[in-house]
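# Just need the structure, nothing else, for what follows:
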Amino acid sequence: MGFVVLQRAFGAWPALVGSFAWLGGLALLLERRNHLSNLTEAYSLPFHFAALLLFSGATATPLAGWRGTLLGATAVACFLLRPNLIGLPVVAAILLVAPRLRERR
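Modelled structure (predicted):
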């Protein structure tokens, strides 16, 4: 999911380099000797990437139906893991809803 989001934003080669970079950093973060291993932030990464993927796909098409439902589900999953991890899905939803509210006025 991370590679697809990066590819949509920057292209194939920067996405490949960026994916290797963040995966290398993640490996250092999650190694057993590190006191930071097994944190809820690591468990929330798939939900954050899913929210980014839904956000990048929703900029081209309206946020309706299943995309909005899945974005809400990622927010709920992040909130259930740890309440302060809800930021990214909520900001994605706000950025998608705010222009539509302006058009309505």
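# where exactly do the helices run in this protein?
Counting by DSSP state H, the chain has helices at residues 2-10, 12-30, 40-58, 66-81, 87-104.
# now the ones you listed as CSV including mean neighbour count?
(Each C-beta comes from the backbone N, C-alpha and C, glycine too.) Output for the helices of the chain, formatted as CSV (neighbours: other CB atoms under 10 Å):
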stretch, mean neighbour count
helix 2-10, 17
helix 12-30, 12
helix 40-58, 18
helix 66-81, 17
helix 87-104, 13
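# can you list those in TSV and add mean pLDDT?
Compiled in TSV, the helices of the chain are given as follows (pLDDT from 0 to 100):
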stretch	mean pLDDT
helix 2-10	86
helix 12-30	86
helix 40-58	83
helix 66-81	88
helix 87-104	80
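# show me the contacts for residue 42.
Taking CB atoms under 8 Å, 6 or more residues apart in numbering, we find residue 42 in contact with 26, 29, 30.
# Please identify which of the residues you listed is nearest to residue 69.
residue 26 (28.3 Å; CB to CB).
# contacting residues around the closest one?
42, 45.
# Endpoint to endpoint, stretch 21-39 covers what distance?
Counting by CA to CA, to the nearest Å, you get 20 Å between the two ends of stretch 21-39.
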